[in-house]
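K.L.:
Structure of the sequence below:
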Amino acid sequence: MKSVVRWNPIRDFASVQDEMNRLMGDVFGRPLDQGGAVVWQPPIDIEETPESYRVHVELPGMRLEDIKITLEDNRLTIRGEKSRTVEQKDATYHRLERVYGTFERSFSLTHAVNPEKIEATYRDGVLEVTVPKAEEAKAREIPVKVAR
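P.N.:
Reported below is the predicted structural model:
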């Protein structure tokens, strides 16, 4: 017995669009910005706890001196530049897929933060930035007293 599945044109169109994007990427390479440079945005995870924000950025192959982190007006900005290794003149390259160049990622933080206590660590190609919330931004329970 066959089950009947309702046709959803949006789902079909989205899968065709995904396939076309993949095909174009294979043919023409990575997306370009208006100036013809390769667009590079490292993947980022942002986690919020009651005490802080934690940002994890994948930056494999980058040197610490090429990474800059700033906080201005509750906007966290991470920027850097990944330099390409020197190509060998007598080598034949069959595929060049790694992306190089500059990047910048900025995020508005919704709560007041404590800029003096921001910490950043870099290990195994992953940058972790911990941004503690300011005391006034943390939720706190107000005890109710009995009136006399």
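K.L.:
Could you use CA atoms for every contact and neighbour count after this?
P.N.:
Will do.
K.L.:
and the spatially most central residue of the chain, what does it touch?
P.N.:
Of all residues in the chain, the one closest to the mean position by CA atoms, centre = their mean is Ile44, 2.5 Å from it. Contact analysis of Ile44 by CA atoms under 8 Å, 6 or more residues apart in numbering lists 55-58.
K.L.:
can you put those in a markdown table and add distance to Leu76?
P.N.:
Formatted as a markdown table, the contacts of Ile44 follow (distance: CA to CA, whole Å):
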| residue | distance to Leu76 |
| --- | --- |
| Val55 | 10 |
| His56 | 13 |
| Val57 | 13 |
| Glu58 | 16 |
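K.L.:
Now render those as TSV, adding distance to Phe107 and pLDDT.
P.N.:
Shown next, in TSV, are those (distance: CA to CA, whole Å; pLDDT from 0 to 100):
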residue	distance to Phe107	pLDDT
Val55	10	97
His56	13	97
Val57	13	96
Glu58	16	95
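K.L.:
which among those residues gets closest to Thr77?
P.N.:
Val55 (10.9 Å; CA to CA).
K.L.:
Now do the same for Arg123: its pLDDT.
P.N.:
Note for Arg123: predicted pLDDT of 95.
K.L.:
Please enumerate the helices of the protein.
P.N.:
With helices called from DSSP state H, the chain shows them at 9-28.
K.L.:
Let me see the ranges of the strands in the chain.
P.N.:
Using DSSP state E, the strands of the chain run over 44-48, 52-58, 67-72, 75-82, 101-108, 119-123, 126-132.
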